[in-house]
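Asker: Sharing a model prediction with you, sequence too.
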Amino acid sequence: MTTPIVPELMSAQAFAPFGDVLEVAGAPDKIINQGLCRRYHDRAKLDFGDGRAGVSLFQAQRREFPLMLDMVERHPQGSQAFIPMTLVSFLVVVAPDAGGVPGQPLAFLTDPGQAINLHKGTWHGVLTPLSEPGLFAVVDRIGMGANLEEHWFDTPYVIAGPPD
Ligand SMILES: NC(=O)N[C@@H](O)C(=O)O
Ligand code: NI
């Protein structure tokens, strides 16, 4: 049995090798709409290759700790953004690439109000809400060709609950 993975709090710096963290932090890039809106402009590296951008809604079942991570996947042709439609924390699992297979996974807990964008080809766990209603907007590639590669672990990883 592998050592349980303990989620860390999401940070843009720690997540940078895997994707972008979308949040209204720091100074806005623009003040718009007659001064009534702060625009945090163009904060995700979107990539849809030869496809196009699609916006979908996911209604996903919440998960409970400890979680069994038996698979990670990647999208070789496009990025994928998970945008909660409620102010909730959710679990993000990613893994470095280790010669075409995933290396040691990492787990992050987002802050309510944060969204993420997985860069093209990043190994990740599927959308994992931790609370109801599990409602997310997902921005990813719509197009031809295979854009999903799954890797099933011989021995699942255990993701432990965050330290109290
Ligand atoms: N399959 C699908 O649309 N979603 C997954 O890619 C996911 O990461 O949740
Ligand atoms: Ni995915």
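Answerer: Yep, it's here. Worth saying up front: this structure is predicted, and the values here are computed from it rather than measured. Ligands and ions are numbered 1, 2, ... in the order given.

Asker: tell me which residues in stretch 155-164 are buried?
Answerer: Of the residues in stretch 155-164, those buried under the neighbour-count criterion (16 or more other C-beta atoms under 10 Å) are 157-159. Where C-beta positions appear, they are placed from N, C-alpha and C, glycine not excepted.

Asker: Give me the contacts around it.
Answerer: Contact with stretch 155-164 is made by 1-2, 4-7, 65-70, 91, 93, 105, 107, 109, as judged by C-beta atoms under 8 Å, 6 or more residues apart in numbering.

Asker: check whether the longest strand along the chain contacts ligand 1.
Answerer: With DSSP state E applied, the strand covering the greatest number of residues in the chain is identified as strand 149-159. No - with C-beta under 6 Å from any ligand atom as the threshold, strand 149-159 lies outside contact range of ligand 1, at a closest distance of 9.6 Å.

Asker: For burial, what's the neighbour tally of Ile31?
Answerer: Applying other C-beta atoms under 10 Å, we find 12 other residues in the vicinity of Ile31.

Asker: do Val21 as well
Answerer: A total of 23 residues lie near Val21 under the criterion other C-beta under 10 Å.

Asker: Each with direction, which strands does the helix or strand it falls within pair with?
Answerer: In this structure, Val21 is located in strand 19-22 according to DSSP states H and E. Within its sheet, strand 19-22 is paired with strand 115-118 (antiparallel), according to DSSP bridges.

Asker: what about the partner strand, near ligand 1?
Answerer: No - when contact is scored as C-beta under 6 Å from any ligand atom, no part of strand 115-118 falls within range of ligand 1; the minimum is 7.5 Å.
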